[in-house]
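1. I would like the atomic coordinates for the input below:
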Amino acid sequence: MTNFRCLALSILLGFSSVENVDSFTGISPIRNNGFSTLRMSTLPTTASEIVWTPSIKSGARDEILGPISKYCEDLKTVTRRKTRTVECGPIKFGSEHPIVRQTMATANTADVDATVDQIIRCADKGFDLVRITVQGRREANACLSIRENLFKKGYDIPLCADMHFQPKVALMVAEAVEKIRINPGNFADGTKDFDEHIYETEEEYAQERGYLVEGMIPLVEKCKELNRAMRIGTNHGSLSSRVLSFYGDTPRGMVESAIEFADICRSQDYHNFVFSMKASNPLVMVQAYRLLAAEQYRLGWDYPLHLGVTEAGEGEDGRMKSAIGIGTLLADGVGDTVRVSLTEDPEFEYEPCNRLAEIAESRLAAKNPEAAARQAATKPYDDTRDITTFARRQGTLPEQKEGENVDVRGYLHRDGSVLSAVTPEMLTKENIQYLYQELGCKTAVGMPFKDLATSDSILLRTPPPSSDTESRTAIRRLIEVSMGVIVPAEELEKDPIPNAVALMSLSDAIQKKGKLPNGAIRLAVSLDGTEEEETVLAIKELNPVTILLKPDASVSRLHSSRRLFEMFKKNDIKSTVIHHFTTDTDNSNELALQLGTNIGALLNDGNGDGILVEQIGNNAFSVDYLRKTSFSLLQGSRMRNTKTEFVSCPSCGRTLFDLQETTARIQNATGHLPGVTVAIMGCIVNGPGEMADADFGYVGTLPGKVDLYYGKEIVKKSIPNDDAVDALIDLIKEYDMWKDKETEEEEEPALVS
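-> Numbers count the residues shown, from 1 in each chain. Below you'll find the predicted structure:
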C-alpha cells in the first residue's frame, strides 16, 4: 500500500503544483500481465486513459492523500485563498487580481440589438463580465454579431456563453465569446429525470464516464486552442440523475460532479477554468464551496472560485440571501468572482455585487491595517468546525419555574429569536398601539397578543419612570403575553420593573454573583468577545436566560465570535446566544448586506440563536422594518420561517414569461403562507432540481404556457399564463397548505377611546 500511495501521490500532485502544472501532458496507465507502468504519451482520448481523482466513497482518497485539512488560507487572518490566474479576454480571475464583478443578460440572445444594448448598460454600470444564454445554433450565431457589434462600439467587456445540453453548440459559440459556462449536470447527461438508478459498485458508476469524455474533450480542445476560459458550474438543482443516484442531492455530490469534469480538462493539459457550486439554499451553497476548496487544497489544485446564490429572489430578501452565502465565503478569503442573482434587471445587480466585493476587500489583512489589527487582537483559539457537515448549536430555552406568575417560555423561540430595541417614547399612550403593531403583535380591544412573526423580546435601554403609569402598563401587557423585557440592571436598581430581565456584562454578573435587582425575573449577560476562558466558564453557574454577543470594535466580529463558540462547545455551555448587531446606516440594501455578511457568516457555521438589530445615531428604520429584516435573516439562514419562501430565478434569455411581473403576482397571492416554499422558474433548465426543496413549482415550458409541480412531480401541464397563478392557488389548496389572508380588525374607534 505504501508503494501504491507514493505512486498515486506522484500522479496527482507531482504534475499539479502551481510550479509544474503547466508542464503536465497527460498520463496514461498501461497495464500488462497485471503490472502497471506509467508513460508520458499523447493526451488521453477515452475515459480509460484518464487518471481520475481517487474515489471518495471507497476511502481511497483519504488513504492516498490523507483527510481534508483546511478550506481557506488562514482561519484566524482574512487572506485570499491562493489561486492560479485564469484569463478571460482582458480580465483575469485569481487571488492576484481584484474580485471580478459579473452579471447575466436577460434579453433574448437572438435579438442582437437588445442584447448589445443591455450589455453596454451593464458595462457602463461597472460590471467586468456579462453572461448570455445560448440555447441553440441561432443564439450561437447571434453571439458572433453581438461580439462584433460590441467591439465596434468600443466595448471589450468579455462575454460568457451559458450552455446546457448542447456540446456541439458550445463548440460553435467558443469562436465568439471569451468564456464558456458548462453545467456538469446536463452538459452531457441530457435531460434529467428523477428515476432511481442503482449502482451496485463504484466500477458501475465509473463505467458511464465514457460519454462525459466524449462530450467534453472537443470543447476543451477548442477552448485550449482559442485561449478561452471555462466555468465548471455545478448547480444543486441540476445534478445529473447519475450523480443524484450515487451521491444524493448533497454538497458532496456537487463537488464530485465538478471534480469529474475537472479531471477531463486536466487530462488535456487545460487549466484555464474556474469552478462554481451554486444553490438556492445558502447553507448548501456554503458547504459545497467549502468542501470544494478543501478538496482542492488536498489535491494540490488552485483553480479560482465563482461565487453565487442562485435564484436568490428580489429586493432586500434577495440581497440578504446572497450576502448570507457569498459574504460567508468572502469573509474567509474564499472566492474570486461574484454574481448576485436577483429577479431584477441585470444593472441592479451591480450595487450589491460591488458592495460585497468591497466589504470582502476591506477585510483583507494584507490590504487593511485596521482589519489586520482587529484580527490579530482576537485571542488564540482552536477552530474545530467540521466543514464536511452541518449541525446547528441549539441553546437552552427558558424554562418555567414554580411560583412564577408570568410565562417566560416565550422570551425566546426554538427556531431562532428576534429581539427589538425600543425607546421609552414608543411606550407613551399616544404611541403604544403603533408599537404593538411594529412589534408584530395582534391586538384585540387595544390589548397585544403574540403572532407568528412577533418580536420575542425587547431591549429597553432606558425604561420610563414608574411614575409614568401608562408606559409601565404597556410594559406589563407585553410581559403578560410572554414577551421578554430586557433592561440594564443599573436601571432596574434605580427603578424596578416587575418581571423584567436584568442585563449585565459578564464581569458585573460575576461580581454580583448573579444577584438580580428587585423585581427582575431572569438574568441576561452581554459578551464583547475579549473575555478569557476562565471568565466565560462562570456562565454555567450564572445560567442566564440568554447571552447578547456584541464584539468590541477592537476585535474581529467573525473570529472573536468563533472563539467564544469554541469555548462554549469545549465547556458544554448551552446558553442561547443572540447576535447583537448595531448599525448607523440609513440604506436598507446596505443593512441587508451587512447583516447577511456579518451575522449570516456565523449562522452559516451553525452558531447563534437569534438576532437583535439596534440603530446607533439615527432612527432611519422603524421597529417594524428591523423586525421584518431580522426575520428575513433567520429565514435566509434556514432557521425560522415566518413567511412564504420564494425560490425565484433571476431571468435570462431562456425565460418564457415576464419573470418580474409574474413573481410579483405570485408573491402577492401566496406571500402569507409561512412554511410553504414556492419556486418560480422561467424555464426548465434548473427547474425540477432547484425545486427539490420547494413544495410547489411554477415553471415556464413553452411560450405562454406554464407547468405546475408538487415537489418534483409535474401535476398540471401547459396552463396558459393568465390562468396559472389561480391554478397554483388551487394546487396549494388541494394539498391542504392554503389559508386565507387575515383581514385587519376594525379597532380604530376602540384605540382612539
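
2. and residue 723, how many neighbours?
-> Neighbour count of residue 723, defined by other Cβ atoms under 10 Å: 11. C-betas here are computed from N, CA, C, even on glycine.

3. that one: what secondary structure?
-> Here residue 723 is helix, with the state taken from DSSP: H, G, I helix; E, B strand; the rest coil.

4. and it, how far from residue 700?
-> With distances taken as Cβ to Cβ, to the nearest Å, residue 723 is found 14 Å from residue 700.

5. show the contacting residues for the nearest residue to residue 75 once chain neighbours are set aside.
-> Distances taken as Cβ to Cβ, 6 or more residues apart in numbering put residue 383 closest to residue 75, at 4.7 Å, once the chain neighbours are dropped. Neighbour list for residue 383: 75-76, 562, 566 [criterion: Cβ atoms under 8 Å, 6 or more residues apart in numbering].

6. could you check the pLDDT of residue 383?
-> Looking at residue 383, its pLDDT stands at 96.

7. in the strand or helix carrying residue 448, which residues are buried?
-> In this assignment (DSSP states H and E), residue 448 forms part of strand 447-449. Across strand 447-449, burial judged by 16 or more other Cβ atoms under 10 Å covers residue 448.

8. neighbouring strands of the helix or strand just after that strand in the sheet, and parallel or not?
-> Going down the chain from strand 447-449, the next helix or strand is strand 457-460, by DSSP H and E. Looking at strand 457-460 with DSSP bridges, its partner strands are strand 417-422 (parallel), strand 484-488 (parallel).

9. can you tell me what sits against strand 457-460?
-> With Cβ under 8 Å, 6+ apart, strand 457-460 has contacts from 411-412, 417, 419-424, 439, 475, 478, 483-487, 501, 503, 546, 548, 612, 614.

10. packing partners of the helix or strand that that strand is followed by?
-> For strand 457-460, the succeeding helix or strand toward the C-terminus, using DSSP H and E, is helix 469-480. With contacts defined as 3 or more Cβ pairs under 8 Å, 6 or more residues apart in numbering; DSSP states H and E, the packing partners of helix 469-480 are helix 432-438, strand 447-449, strand 484-488.

11. and the helices in the stretch 601-750 of the chain?
-> Assigned by DSSP state H, counting those that start in this stretch, the helices in the stretch 601-750 of the chain fall at 623-636, 659-670, 687-690, 721-734, 748-752.

12. ok, the stretch 451-600 of the chain next?
-> For the stretch 451-600 of the chain, the helices defined by DSSP H, counting those that start in this stretch occupy 469-480, 489-494, 506-511, 533-536, 538-542, 557-570, 588-598, 600-604.

13. quick one: which of those is nearest residue 80?
-> helix 557-570 (15.6 Å; Cβ to Cβ).

14. buried deepest among the helices and strands packed on helix 469-480, which one?
-> Highest mean neighbour count among the helices and strands packed on helix 469-480 (mean count of other Cβ atoms under 10 Å): strand 484-488, with a mean of 24.

15. ok, the closest residue to residue 182 other than its chain neighbours - how many residues close by?
-> Closest residue to residue 182 apart from its sequence neighbours, by Cβ to Cβ, 6+ apart: residue 163 at 5.3 Å. Using other Cβ under 10 Å, residue 163 is surrounded by 25 other residues.

16. now residue 163. Its backbone dihedrals?
-> phi -110, psi 140 (degrees, to the nearest 10).

17. all strands of the stretch 201-350 of the chain, in order?
-> 229-235, 273-278, 305-307, 337-338 (DSSP state E, counting those that start in this stretch).

18. in CSV, list the ones you listed along with distance to residue 208 and mean neighbour count.
-> Converted to CSV, these look like this (distance: least, Cβ to Cβ, whole Å; neighbours: other Cβ atoms under 10 Å):
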stretch, distance to residue 208, mean neighbour count
strand 229-235, 17, 27
strand 273-278, 22, 26
strand 305-307, 27, 25
strand 337-338, 31, 27
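
19. format these as a markdown table; extra columns: distance to residue 95.
-> What follows is those, written out as a markdown table (distance: least, Cβ to Cβ, whole Å):
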| stretch | distance to residue 95 |
| --- | --- |
| strand 229-235 | 16 |
| strand 273-278 | 12 |
| strand 305-307 | 10 |
| strand 337-338 | 11 |
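
20. in CSV: these, plus mean pLDDT and distance to residue 284.
-> Converted to CSV, the strands of the stretch 201-350 of the chain look like this (pLDDT from 0 to 100; distance: least, Cβ to Cβ, whole Å):
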stretch, mean pLDDT, distance to residue 284
strand 229-235, 94, 11
strand 273-278, 96, 9
strand 305-307, 98, 14
strand 337-338, 97, 18
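
21. which of the ones you listed sits closest to residue 681?
-> With Cβ to Cβ as the criterion, residue 681 lies closest to strand 229-235 of these, at 12.0 Å.

22. what residues does that closest one touch?
-> With Cβ under 8 Å, 6+ apart, strand 229-235 has contacts from 86-88, 93, 160, 178-185, 219-220, 223, 254-255, 257-258, 261-262, 265, 270, 272-279, 288, 306, 310, 686, 689-690.

23. excluding chain neighbours, what is closest to residue 429?
-> That would be residue 470: by Cβ to Cβ, 6+ apart, it lies 4.3 Å from residue 429.

24. pLDDT value on that neighbour, please?
-> 96.

25. same deal with the one 4 residues further on?
-> Residue 474 is assigned a pLDDT of 97 by the prediction.

26. that one contacts residue 435, correct?
-> Yes - the pair residue 474 / residue 435 is scored as a contact, 7.5 Å apart, by Cβ atoms under 8 Å.
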